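Undergrad: generate coordinates for the sequence data below:
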Amino acid sequence: MIKRAKELLQKYFGYDDFRKGQEDIIGSILAKRDTFAIMPTGAGKSLCYQVPALLLEGVTLVISPLISLMKDQVDTLENMGIPATFVNSSLSYAETAKRVDEVKQGKYKLLYVAPERLEAAGFTSLISSLQLALVAVDEAHCVSQWGHDFRPSYRHIPAFIQQLPQRPVISAFTATATEEVKNDVVYLLTLKRPNIYVTGFNRENLFFSVVRGENKRDFVLNYVRDNSDRVGIIYAATRKEVEGICKELKRAGVNAAKYHAGLSAQERKQNQDDFIFDNNNIIVATNAFGMGIDKSNVRFVIHYNLPKNIEAYYQEAGRAGRDGEASECILLFASQDILLQKFMIEQSLLNPARKNKEYQRLQEVVDYCHTPNCLRKFILEYFGEENVPEHCANCSTCTDDSRLVDITVEAQKIFSCIIRLKERFGSTVVAQVLKGAKNKKILALGCDRLSTYGIMNEYTEKEIKDIINILAADGYLSLTAGQYPVLRIEEKAAAVLKNGARVYQKVPKKKERLTGDNSLFELLKKLRKDISAKEKLPPYVIFPDSALQEMSKLYPLDARALLKIKGVGEYKLQKYGELFLDCIRNYAAENGISNGISLDAAEAEAKTEKVSNKVDKTPSHLVTLELYQTGLPLKEIARQREITLTTVQNHIIQCALEGAAIDLDAFIPRQYEEQILQAVQKVGGEKLKPVKEQLPEEVDYFAIKAVLCKYGVRP
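TA: Numbering: from 1, shown residues only. Model prediction:
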């Protein structure tokens, strides 16, 4: 079965081999064992149930938390030639029943539903008539109240499964799960003696960094300007922050969109679609955005504010680099963010035990922001990984080449000013006093008579506030809670004033981005965008950036060579191959490139003959007829041809109508032939469903079609 799984992996997904852990997980599901897989974002979780779905007899039900996620996955599957559909609240009951009926007829191998849908009695009765081979629970951490996206509706999954006539194989998948959450998933989903696979949490392609004490708005603006050609998500904690950041980016000429719960549903959808379809490179959002966003070419994720816990941070940061390409995850830390998150915890009306747990999890994020050690090691050990290397060489700690600048004098001036102001004011007043501002408030308070008034007049107020932020981030200062936080001196600052301790500021060296000749890549992106607009599909569904990058490096010049590119499966080769090959060939000819890859044309034809389903030689239904005439059972024909049993049956009927010598009586239950004819006469033969409703359950659609065909009626 694994051999067949690998064949399907190449045929549909365009990969020669499975990634780490995928083969074991797929093997477990195919062996009909309950399976729980914890795999990092971008490691290919969905493929672990999509491949078995093609091999198992029956339908795979995928429970997915968001409409956008299931639509995205269904679009991707259909674009690879895999029959899939979804049912959610956007559909009427009639459309829902129609889709479920089509699943019964064998039109689809995967059916996606939201967990809330399982609570509807009418839907349960519809589903219970399906032959369910597998139930795949995506984002399984949502079942646990200790998971960062707890969804009460996930608790109804076991009750739904108990109502089914026959228990299918249950599989559960998540990217982030502590030991506590892992135990909850197994217990609450009632997994039976499951095989549990933890493939590791490490995302080697992601560069993690914590930036402390910087002016956040300046940092974001400069970073986005320096990375204007890259796709990014900027997360902020509040709607107000989202609005402000987005406005500043637009003012600076950046084509940014915004997303938060305060927008209308229509505006949220439009902004999300613009981002997914590459009309906007940047989206600024609250954490309401992101779960189920499969966009593979996000090159950076910036957290403008402190996230509420490590699980949420890793899930959100992990939306970068899903295609395996190098990407950045940046967390901007300011001590005020701790107060904001504490305020949110207090406002969330949690029970005392849950509230204390949330405070503990928040402290773990604060510890992450202050650790002097490897950031990757901190995250991996949080999730329970052992024997993690001390240095990863791919985080801001392990690659720190900053130069240290002595700011002891500036720090002493700031500390002295705060003391003389009797620790009654925030950073704005302190900065104004040190600058020597002459506004009404400063003069009315008599601050101009302080010895620290104007002693930093060579700096701007903003520069002074930036230094204050650095000192707060490094623990020299703290801020009180409340709407107007006040600066307080910490013990660490007292040592600077009294004991001669020095204060240093890290100034990172300017990183130069490596740029090469991206002209072919840009041409391929434009072609992909044109196809995307025409087919109304996100560009990454057509081909991920990683596939276009590989094309622009290797210059494949024929079908066989293009099939070697990762992410180019046989179905997509047939659908898009010539368009992309023409683009590459023209570029190579115009630029005098002679090192493109062109494999033997005869080999290419042999390898892709199976893809085209013999369209250029033998019609598909006649290929089925050839196999049928050898005496093969219909199920075996479906397996060999990698099509559904219903498609094989339809091919047989088509061949019979065209005059092929087929014994239709072999497919008609003799005791029901008369009843089938009567039902056809009663309701008419144009639509099969009303006919089927008049007959016993064991009479299938194929038998009805065979009777119609036998008596000369086209079904």
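Undergrad: all helices of the stretch 401-550 of the chain, in order?
TA: Remark: helices assigned in the stretch 401-550 of the chain by DSSP state H, counting those that start in this stretch are 408-420, 427-435, 440-444, 461-473, 491-498, 519-535, 539-542, 545-554.
Undergrad: could you export those helices as CSV, including mean neighbour count and distance to residue 667?
TA: All C-beta spots, glycine's among them, are computed from the backbone N, C-alpha and C. Shown next, in CSV, are the helices of the stretch 401-550 of the chain (neighbours: other Cβ atoms under 10 Å; distance: least, Cβ to Cβ, whole Å):
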stretch, mean neighbour count, distance to residue 667
helix 408-420, 19, 87
helix 427-435, 22, 81
helix 440-444, 12, 90
helix 461-473, 21, 75
helix 491-498, 14, 84
helix 519-535, 16, 38
helix 539-542, 24, 38
helix 545-554, 20, 44
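Undergrad: wait, which of those helices is closest to residue 664?
TA: Evaluated over the helices of the stretch 401-550 of the chain, closeness to residue 664 peaks at helix 519-535, with 39.2 Å, by Cβ to Cβ.
Undergrad: that closest one: how far from the chain's middle?
TA: 22 Å (Cα atoms, centre = their mean, to the nearest Å).
Undergrad: what angle do that helix and helix 545-554 make?
TA: Relative orientation of helix 519-535 and helix 545-554, computed by axes from the mean of the first three to the mean of the last three Cα atoms, to 10 degrees: 140 degrees.
Undergrad: what does helix 519-535 contact?
TA: Applying Cβ atoms under 8 Å, 6 or more residues apart in numbering, the external contacts of helix 519-535 come out as 79, 277-278, 537-539, 541-543, 545, 548-549, 551-552, 555, 576, 579-580, 583-584, 587.
Undergrad: ok so, going back, just put the helices of the stretch 401-550 of the chain in JSON lines and tack on mean pLDDT.
TA: Converted to JSON lines, the helices of the stretch 401-550 of the chain look like this (pLDDT from 0 to 100):
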{"stretch": "helix 408-420", "mean pLDDT": "95"}
{"stretch": "helix 427-435", "mean pLDDT": "94"}
{"stretch": "helix 440-444", "mean pLDDT": "93"}
{"stretch": "helix 461-473", "mean pLDDT": "86"}
{"stretch": "helix 491-498", "mean pLDDT": "92"}
{"stretch": "helix 519-535", "mean pLDDT": "93"}
{"stretch": "helix 539-542", "mean pLDDT": "91"}
{"stretch": "helix 545-554", "mean pLDDT": "92"}
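Undergrad: select, out of the ones you listed, the one closest to residue 25.
TA: Closest of these to residue 25 is helix 545-554, at 22.3 Å (criterion: Cβ to Cβ).
Undergrad: check which helices and strands that closest one is in contact with.
TA: If you count contacts as 3 or more Cβ pairs under 8 Å, 6 or more residues apart in numbering; DSSP states H and E, helix 545-554 packs onto helix 519-535.
Undergrad: domain ranges for this structure?
TA: 2-198, 206-382, 407-507, 519-609, 620-710 (automatic domain parsing).
Undergrad: about what we covered before: figure out which of the helices of the stretch 401-550 of the chain is closest to residue 135.
TA: Short answer: helix 539-542, nearest of the helices of the stretch 401-550 of the chain by Cβ to Cβ, at 25.1 Å.
Undergrad: counting neighbours, which bits of stretch 246-263 end up buried?
TA: Buried residues in stretch 246-263, counted by 16 or more other Cβ atoms under 10 Å: 246, 248, 249, 254, 256, 257, 258, 259, 260, 263.
Undergrad: return the subset of these lying in helices.
TA: 246, 248, 249 (DSSP state H).
Undergrad: which of those lies closest to residue 98?
TA: Using Cβ to Cβ, these come closest to residue 98 at residue 246, 40.8 Å.
Undergrad: show the end-to-end separation of stretch 422-431, please.
TA: Stretch 422-431 stretches 15 Å from its first residue to its last (Cα to Cα, to the nearest Å).
Undergrad: give me the contacts around that stretch.
TA: Contacts of stretch 422-431 (Cβ under 8 Å, 6+ apart): 414, 417-418, 421, 441-442, 445, 447, 461-462, 464-465, 468-469, 479, 484-489.
Undergrad: returning to what we had before: farthest pair in the buried residues of stretch 246-263?
TA: 254 and 263 (18.9 Å).
Undergrad: name the nearest residue to residue 691, ignoring sequence neighbours.
TA: residue 679 (4.8 Å; Cβ to Cβ, 6 or more residues apart in numbering).
Undergrad: for the one you found, what are its contacts?
TA: Going by Cβ under 8 Å, 6+ apart, the list of residues near residue 679 reads 691, 694, 695.
Undergrad: what's the spacing between the second one and residue 352?
TA: In this structure, residue 694 lies at 61 Å from residue 352, with Cβ to Cβ, to the nearest Å as the measure.
Undergrad: looking at the two, which one has more neighbours?
TA: Counted by other Cβ atoms under 10 Å, residue 694 and residue 352 do not tie: residue 694 has more neighbours, with 14 against 7.
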